[in-house]
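S.K.: Below is the sequence, then the predicted model.
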Amino acid sequence: MLQQTQVKTVIPYFKNFVKEIPNLKALSTSNEKKILKLWEGLGYYRRAKNLYKTSKIIIKKYNGKIPNNFTEIKELPGIGDYTANILLALIYNHPHIGIDGNVKRVLFRLFNTSVLDATNLFKTKRNSDLAEAFIEFGALICKPKDPKCYKCKLKKMCLYYKSESNIQFKKKIKISLKNYDIFCYLKKNKKQIALTKNNNLGFLKKFNLPKIKERSKKNKNWTFLCNYKKSISNKKLNINLYYKFSSKIPPKHNWYYLNKNEEFIPSFTKKIFRQVSHLY
Ligand code: SF4
């Protein structure tokens, strides 16, 4: 849940999740619909799907225990290098650390490198603590903008602190801007909207959305409602929202109520609900 999401946002979701699904076994015997409903509003729904798939594999293939080697752990859905490393350190005390943006910055400042010399770093039996300490240290002391060097215990060995030029750490994030048109079929008397899972947007593939396409100029027969921007992961979407009232909908679309739904609706779509709701 914490991937790309702040702790304070996650806390209520986490509490509610573990109340409903208290352990791995319960997760593996749950169902995707329920898990997505508990995740609703948190975004990045692929995390929830992967969590569910992974729980089933761990129960069936590994007898309920997370594998303790890098190759097997990385084969689990949703587990990349970072998560594999951090799990091996935290669970099994293996000499690994998870290298994310914060940890890279710390290494860069300390040693003027982001490549780890593991032989020197892991001369400890407390690998789990070391991995955790790197994360906390990057968040609390060696912060991106204003590192607290005055109270840092590592300043005597820190190249950033010693250097006159101060080594700069530059974060490179590529943001891609894309233009999309979204078309909402609305059923006037029932406060309903047509949604489909049959879209090919990578980041919201197979979720309930209105018809969505990359921008084209031919939008005759549709009424323009509004334009807005939406950021998802490293994508910025520039959206034109169109609507029409109709009782007929294209194949692979279904009607959904704007205000009551048993089924999981991503927050991307809920925003569209809010925008069309005043048209009824
Ligand atoms: S001395 Fe400053 S820059 Fe160096 S590790 Fe400590 S907080 Fe970071």
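M.R.: Perfect, I can see it now.

S.K.: Enumerate the residues of the stretch 101-250 of the chain near the ligand.
M.R.: Contact residues (CB under 6 Å from any ligand atom) of the stretch 101-250 of the chain with the ligand: 109-110, 141-142, 147-149, 152, 154-155, 158, 160-161. Backbone N, C-alpha and C define where each C-beta goes, glycine included.

S.K.: if you set the cut-off to 8 Å instead, what comes out?
M.R.: Within the stretch 101-250 of the chain, the positions adjacent to the ligand are 106, 109-110, 137, 141-143, 147-149, 152-155, 158-161 by CB under 8 Å from any ligand atom.

S.K.: Of these, which count as buried by neighbour count?
M.R.: 106, 109-110, 137, 142, 147, 152, 158, 160-161 (16 or more other CB atoms under 10 Å).

S.K.: Make CSV from these and add secondary structure and pLDDT to it.
M.R.: Shown next, in CSV, are those (DSSP: H, G, I helix; E, B strand; the rest coil; pLDDT from 0 to 100):
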residue, secondary structure, pLDDT
V106, helix, 90
R109, helix, 86
L110, helix, 85
F137, helix, 94
C142, coil, 93
P147, coil, 88
C152, coil, 91
C158, coil, 87
Y160, helix, 83
Y161, helix, 83
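
S.K.: would you list those residues in TSV and tack on distance to Y257?
M.R.: Formatted as TSV, these follow (distance: CB to CB, whole Å):
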residue	distance to Y257
V106	50
R109	53
L110	56
F137	49
C142	50
P147	51
C152	56
C158	58
Y160	56
Y161	59
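
S.K.: Next, the distance between the ends of stretch 213-229.
M.R.: Length of stretch 213-229, first residue to last, CA to CA, to the nearest Å: 15 Å.

S.K.: Show me which residues of that stretch are buried.
M.R.: So for stretch 213-229, counting by 16+ other CB under 10 Å, buried means 222, 225.

S.K.: For it, give me every contacting residue.
M.R.: Here stretch 213-229 makes contact (CB atoms under 8 Å, 6 or more residues apart in numbering) with 178-181, 183-184, 236-244, 275-276, 279.

S.K.: out of those, which are inside helices?
M.R.: 275-276 (DSSP state H).

S.K.: Buried ones only from the contacts of stretch 213-229, please, as a PyMOL command.
M.R.: Of the contacts of stretch 213-229, the buried ones can be selected in PyMOL as follows, counting by 16+ other CB under 10 Å:
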select buried, resi 181+183+184+237+239+240+241+242+243+275+276
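
S.K.: In this protein, which helix is the longest?
M.R.: For the chain, the helix with the greatest residue count under DSSP H is helix 46-62.

S.K.: now for that one, which elements pack on it?
M.R.: Other elements packing on helix 46-62 under the criterion 3 or more CB pairs under 8 Å, 6 or more residues apart in numbering; DSSP states H and E are helix 24-28, helix 32-39.

S.K.: Show me what the mean pLDDT comes to for the shortest one.
M.R.: The predicted model gives helix 24-28 an average pLDDT of 96.

S.K.: now the helices for the stretch 1-150 of the chain?
M.R.: Secondary structure of the stretch 1-150 of the chain (DSSP state H, counting those that start in this stretch): helices at 7-20, 24-28, 32-39, 46-62, 70-74, 81-92, 101-111, 118-121, 127-140.

S.K.: Nothing else from me, thank you.
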